[in-house]
Structure formats: structure tokens, C-alpha cells
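> With the input below, show me the fold.
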Amino acid sequence: MNIKDISSNSLSFIGDAVFTLYVRNYFVSNLFQSSKSLQKLCNGYNSALGQTKVFNRLNDENFFNEKEIEVFKRGRNHISHIPKNGNLLTYETASGLEAICGYLYLTDKDRLELFFNKVFEGGINNE
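Residues are numbered from 1 along each chain as shown. Presented below is the predicted three-dimensional model:
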């Protein structure tokens, strides 16, 4: 599979699923058990705002390499729907982060693991 043949929408689609799975696994592995608390904690990462916080934090640390920033830019430019209570920049950033996640899932599992180690340095509150 040539990664250049995969649309940025598809990378974001896959990345959304991978990101959600890793976040859920993180909280379940840390012994949070009530569905209500799990949902609330996961939303702190899985929401557009939460993903934007992750991107900004990792970008400020210069975590992303040149190729990942290229994928991010491709991913953020393909927003098809913004909920009425959201804003464009937040959803573009979240979509770009999901594209990076999808890209890493398909191309470099070691880098993906490093990515999530950095993601979860934000702790349970995604700080």
C-alpha cells in the first residue's frame, strides 16, 4: 500500500478509530471502571478540543517530524462538516492530528507507540 494513494480523509478516518481505541485502552488499563467516568475522561482526549490540546502540546515540544506535519496539513484541509457548536480551527486541528495518527498506524507502529506515550504525558486531564 502506497501511503500517497490514501486520501487524507481516509487517514483521518483510520486515525480517529486508532486514537479512540488507544485512549479507551489507556483509561481502562489505569483501572477506571465506571462507564460514566470512563466516558468523561475519554472525552477529554477524544473530542476535537481534546485532540487540539494534544496537537498543540506535542507541536510546542517539536515532537512531529517534517512528514508528519505534511500529513497534518493535508488532513486539516479536508473538513467536510463542523458541528454548529464548534469552530473551524479546532476541527481542522483535530482532523490533522487524526490524519497523523492514521498515517503512523499504517506506516510506523514504533513511532505510533512513541506518539501515544507522548500523548498520555498529559495525564488524565490532558494537560
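> buried residues in stretch 20-35?
For stretch 20-35, burial by neighbour count (16 or more other C-beta atoms under 10 Å) applies to 22, 23, 24, 26, 27, 32. Any C-beta I mention is one placed from the backbone N, CA and C, and that applies to glycine too.
> From these, pick the one nearest residue 41.
Set against residue 41, the nearest of those by C-beta to C-beta is residue 27 (5.0 Å).
> contacting residues for the closest one?
Contacts of residue 27 were listed using C-beta atoms under 8 Å, 6 or more residues apart in numbering, and they are 38, 41, 42, 124.
> out of these, which is most surrounded?
When the contacts of residue 27 are compared by neighbour count (other C-beta atoms under 10 Å), residue 41 ends up highest, at 21 neighbours.
> ok, it to residue 90 distance?
For residue 41, the distance to residue 90 under the criterion C-beta to C-beta, to the nearest Å works out to 20 Å.
> about what we covered before: closest one of the buried residues of stretch 20-35 to residue 86?
The nearest member of the buried residues of stretch 20-35 to residue 86, counting by C-beta to C-beta, is residue 23 at 19.2 Å.
> Touching, that closest one and residue 38? I think so.
No. At 9.9 Å, residue 23 and residue 38 do not qualify as touching, with contact defined as C-beta atoms under 8 Å.
> quick revisit: next step: the contacts of residue 27 restricted to helices.
By the criterion of DSSP state H, membership of the contacts of residue 27 in helices covers 38, 41, 42.
> How about the last one, nearest residue that isn't a chain neighbour?
The spatial neighbour of residue 42 that comes closest, neighbours along the chain excluded (C-beta to C-beta, 6 or more residues apart in numbering), is residue 23 at 5.2 Å.
> cool, and the second one?
The spatial neighbour of residue 41 that comes closest, neighbours along the chain excluded (C-beta to C-beta, 6+ apart), is residue 27 at 5.0 Å.
> Residue 122 versus that neighbour, what's the distance?
Note on residue 27: its distance to residue 122, by C-beta to C-beta, is 12 Å.
> got it, and residue 113?
From residue 113 across to residue 122, the span is 16 Å (C-beta to C-beta).
> follow-up on the earlier one: ok, the buried residues of stretch 20-35 vs residue 48, which is closest?
Out of the buried residues of stretch 20-35, the member with the shortest distance to residue 48 (by C-beta to C-beta) is residue 23, at 13.5 Å.
> Much appreciated, bye for now.
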